[in-house]
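> Give me a model of this one.
(one chain, ligands or ions: 2)
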Amino acid sequence: MAKKQFKSESKRLLDLMINSIYTHKEIFLRELISNASDAIDKLCFISLTDDKVGLNRGDFKINITVDKENRILKIEDNGVGMDKEDLDKNLGTIASSGSYRFKQEMEQTDDIDIIGQFGVGFYSAFMVADKVEVYTKKYGNDTGYTWTSSGADGYTIKEAEKDSAGTVVTLHIKADSENENYSEFLEQYRISELVKKYSDYIRYPIIMDMTRSKAKEGTENSEKPEYETVTEAETLNSMVPIWQRPKKDVTDEEYEKFYHDKFMAFDKPAKIITTSVEGVVTYKALLYIPSKTPFDFYTKDYKKGLQLYSSGVLIMENCEELLPEHFRFVKGVVDSQDFSLNISREVLQHDHQLKTVAKTLEKKIKNELASMLKKDRETYESFFKEFSRNLKYGIVSDYGMHKDNLKDLLMFYSSNSDKLTTLSEYVDRMPEEQKYIYFATGESVASISKLPQAEVVLSKGYELLYCTQDIDEFTLQTLAEYNGKQFKSVDSDDLGIESEQTEDNAEANTEALKFVRDTLGDKVSEVIASKKLVSHPVCMTAKGGISFEMEKYFNTVQPESGMKAQRCLELNMNHEAVKTMISLIGTDDDKAKKYAEIFYNQALLIAGLPIENPSEYADLVCSIM
Ligand code: ADP
Ligand code: MG
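Ligands and ions are numbered 1, 2, ... in the order given. Below you'll find the model as predicted:
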């Protein structure tokens, strides 16, 4: 029989497949199953109006057979099948897209969805097989055909007896080579695994004989059960994806089980989001907001992304483009018939539809979080404690372009109560004359609330935000303001609060400040009479753009940066200890110098900064006690 040649572009593609170094050769199974499912869709559709089909919805199925000895893998369906012309057209030409044409023909009904708008699908079989046979009979025809090809040298078609409509694709699996293992595709467990992974939600049963070792009847409960190997036909796929089922038919337990199984999570999700969108892109999504940080979340092993399906067929395990960085903790799946099975990662990255989906999902997630904050504060707060850092990174990254989206999701501890507050609640509580939103940074709420420079803000009755995470200050700096109110660090020179402190003796004070400055040398960049201190004698504030928290942060992550905040020592000129020092200047300068050193070290300690020489400091204190 004369061999027919593949069309030239098919030939090229075929060559690619045969010599493929593609690492995911396993997807061939997904492709063949998807074709079988398409073919069944077609016959199933015909059967709605044509009694002669003689099959009910429940009779359609896909059978897989493995014959390890002869290295044969078969995929059989009872779908619509192909005639001679179809074989020529569909399997001899690439991008035949039979599904697409069928879809156009059936346009008026729009009831049936068919995947794969263009096809390299079938040829992927040649990644794992050196010979492929397609034994098929088209519904309504008397004769069947066998199409055979060993790859690029062409194919033959000959008539063959076949009882019923449908197709059997037989793969002669390649021999293993040094670098490639093909025999895995002859292992039952491997095939079953692949079906679960890629084709679990195909709507027809995918059936295969599975051989398992089982306890013999009657011996299951005895102490020494006897085992036998039993081979039974099993349905490998679960057929209906959970996200395709109406929400009212799915229990919370089922949603949670899916979350745990699919994403290897252990926590109870803080929120389960289901969404169904019809529009420019039609899709369904099932998303989970975790309540606990995944153990590898802050490592590079953690992969952000959602699973992408096309009508129940997995096309990408982790589609990063679907989630913005600040929502990288979200897990879930997106299913859209608008994505082609064969779309490559490179193409997807620039895909317009994908961007549309990503945008609407981001909005959805944001709104769900905002509504959780409003309606279920407790859950939101525990979620926020886990993922606050990630949301704050979202605000500072990309030049702050997401800040308006995220600012209302932020919470801080504050002097108002021991509960977290939102910025909007803070602003609502502000007395009319309060100009700024005040914040202070430090290691803990306890240490911040005792900062001397916080005193004047607190004594005014103004609320103070406690920023205990290293990222907090960057976050507020990026936000710059909230509802027209600027953020103000208690370290700033001008807190916008009228000082109630008056200086008794301005001239002596100027002299005293100079004295302290000279004593300390370049350990400090400035010594000033404080307007902030009420009961404390001293504090250390940072001048210029770098705060002490930034200094500490950079010294941990980047010690070589040598980043240092400019130290400004503030003295409370009305404090007894400071007054004592002033009185010593000129009469006992040595002692006055000791006071200056002690003030300096005290200020460092209160600011949570290391002091240069602790034992010297201790001696100094003792010497004047
Ligand atoms: P696509 O599925 O995107 O159309 P494929 O390369 O996977 O591209 O398949 C090419 C065509 O071959 C299909 O459109 C279909 O017409 C035909 N075909 C493949 N497998 C089968 C099958 N099992 N039953 C009927 N037709 C099939
Ligand atoms: Mg296909």
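
> where does L451 fall, phi/psi-wise?
phi -60, psi 130 (degrees, to the nearest 10).

> same question, L361
Residue torsions, per degrees, to the nearest 10, at L361 are phi -70, psi -40.

> distance of the residue in the chain that ligand 2 sits nearest to from ligand 1?
Of all residues in the chain, G121 sits closest to ligand 2, with a separation of 2.9 Å (C-beta to the ion). All C-beta atoms are positioned from the backbone trio N, CA, C, and that covers glycine. Between G121 and ligand 1 the computed distance is 2 Å (C-beta to the nearest ligand atom, to the nearest Å).

> can you list the weak-confidence ranges in the stretch 351-500 of the chain?
499-500 (pLDDT under 70).

> now with 90?
351-353, 398-400, 441-444, 446-456, 459-460, 470, 474, 490-500 (pLDDT under 90).

> Can you list the residue ranges for helices in it?
352-375, 377-396, 403-406, 423-429, 445-449, 455-459, 472-479 (DSSP state H, counting those that start in this stretch).

> Which neighbouring elements make contact with the third one?
Think helix 403-406. helix 352-375, helix 377-396 (3 or more C-beta pairs under 8 Å, 6 or more residues apart in numbering; DSSP states H and E).

> and the gap between the residue of the chain closest to ligand 2 and I315?
12 Å (C-beta to C-beta, to the nearest Å).

> Could you export the helices and strands packed on helix 403-406 as CSV, including distance to D619 and mean neighbour count?
CSV is the format used below for these (distance: least, C-beta to C-beta, whole Å; neighbours: other C-beta atoms under 10 Å):
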stretch, distance to D619, mean neighbour count
helix 352-375, 53, 17
helix 377-396, 42, 19
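
> possible to save those as TSV with distance to I33?
As requested, the helices and strands packed on helix 403-406 are exported to TSV (distance: least, C-beta to C-beta, whole Å):
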stretch	distance to I33
helix 352-375	24
helix 377-396	38
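
> sorry, back to before: what about the nearest residue to the residue of the chain closest to ligand 2 once chain neighbours are set aside, which SS state?
Using C-beta to C-beta, 6 or more residues apart in numbering and skipping residues adjacent in sequence, the residue nearest G121 is E31, 4.0 Å away. Following DSSP: H, G, I helix; E, B strand; the rest coil, E31 is assigned to helix.

> from memory E31 sits against M127, does it?
No - contact criterion C-beta atoms under 8 Å: E31 and M127 do not qualify, at 9.7 Å.

> can you pull the contacts of A596?
A596 sits next to F515, V516, T519, L520, M581 when contact means C-beta atoms under 8 Å, 6 or more residues apart in numbering.

> what's the burial count for the closest residue to the first one other than its chain neighbours?
Right, F515. Setting aside the residues directly before and after it, F515 is nearest to I585 in space (C-beta to C-beta, 6+ apart), at 5.3 Å. If you count neighbours by other C-beta atoms under 10 Å, I585 ends up with 19.

> For ligand 1, see how far away I585 is.
Taken as C-beta to the nearest ligand atom, the span from I585 to ligand 1 is 90 Å.

> so what's R57 scoring on pLDDT?
pLDDT for R57: 84.

> how about it, what does it touch?
C44.

> Can you tell me how far it is from I40?
10 Å.

> Can you name the residues that contact the residue nearest to G121?
G121, F122, S124, A125, L341.

> which of the residues you listed sit farthest apart?
A125 and L341 (14.4 Å; C-beta to C-beta).

> Compute the number of surrounding residues for the nearest residue to E526 once chain neighbours are set aside.
Leaving aside its sequence neighbours, E526 sits nearest to C568 (C-beta to C-beta, 6+ apart; 4.4 Å). If you count neighbours by other C-beta under 10 Å, C568 ends up with 20.

> so C568 touches K543, yeah?
Yes - in this structure C568 lies within contact range of K543 using C-beta under 8 Å: 4.7 Å.

> Export the one helix or strand Y309 maps to to CSV, keeping only CA atoms.
In this assignment (DSSP states H and E), Y309 forms part of strand 306-310. Extracted C-alpha coordinates of strand 306-310, given in CSV (Å, rounded to 0.1, in the frame of the first residue of the first chain):
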residue,chain,number,x,y,z
LEU,A,306,-2.9,29.0,40.6
GLN,A,307,-3.6,25.8,38.7
LEU,A,308,-4.9,26.5,35.2
TYR,A,309,-7.4,24.2,33.6
SER,A,310,-9.1,24.2,30.3
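
> Other residues contacting that strand?
With C-beta under 8 Å, 6+ apart, strand 306-310 has contacts from 115, 201, 241, 262, 285, 287, 314-319, 322-323, 330-341, 361.

> Could you give the average pLDDT over that strand?
pLDDT averaged over strand 306-310 gives 90.

> just use 536 as the starting number from now, easier for me
I'll keep to 536 as the first residue from here, and by that count the last item is strand 841-845.

> After that strand, which helix or strand is next? Please name it.
Strand 841-845 is succeeded, C-terminally, by strand 848-854 (DSSP H and E).

> Helix 887-910 and that following strand, what's the angle between them?
Angle of strand 848-854 versus helix 887-910, following axes from the mean of the first three to the mean of the last three C-alpha atoms, to 10 degrees, is 70 degrees.

> Check what contacts strand 848-854 and list those residues.
565, 569, 650, 732-737, 838-844, 869, 874, 876, 878, 880, 883, 889.

> how about it, does it get close to ligand 1?
No - using C-beta under 6 Å from any ligand atom, we find that strand 848-854 stays clear of ligand 1, coming within 10.8 Å at best.

> Run through the neighbouring helices and strands of the helix or strand following that strand.
Moving toward the C-terminus from strand 848-854, the next helix or strand (DSSP H and E) is strand 866-870. Helices and strands touching strand 866-870, by 3+ C-beta pairs under 8 Å, 6+ apart, are helix 787-798, strand 818-824, strand 841-845.

> Note down every partner strand of the helix or strand encompassing C1074 and its orientation.
Using DSSP H and E, C1074 maps to strand 1073-1078. Sheet partners assigned to strand 1073-1078 using DSSP bridges are listed as strand 1101-1106 (antiparallel).

> what comes up buried for the partner strand?
R1102, C1103, L1104, E1105, L1106 (16 or more other C-beta atoms under 10 Å).
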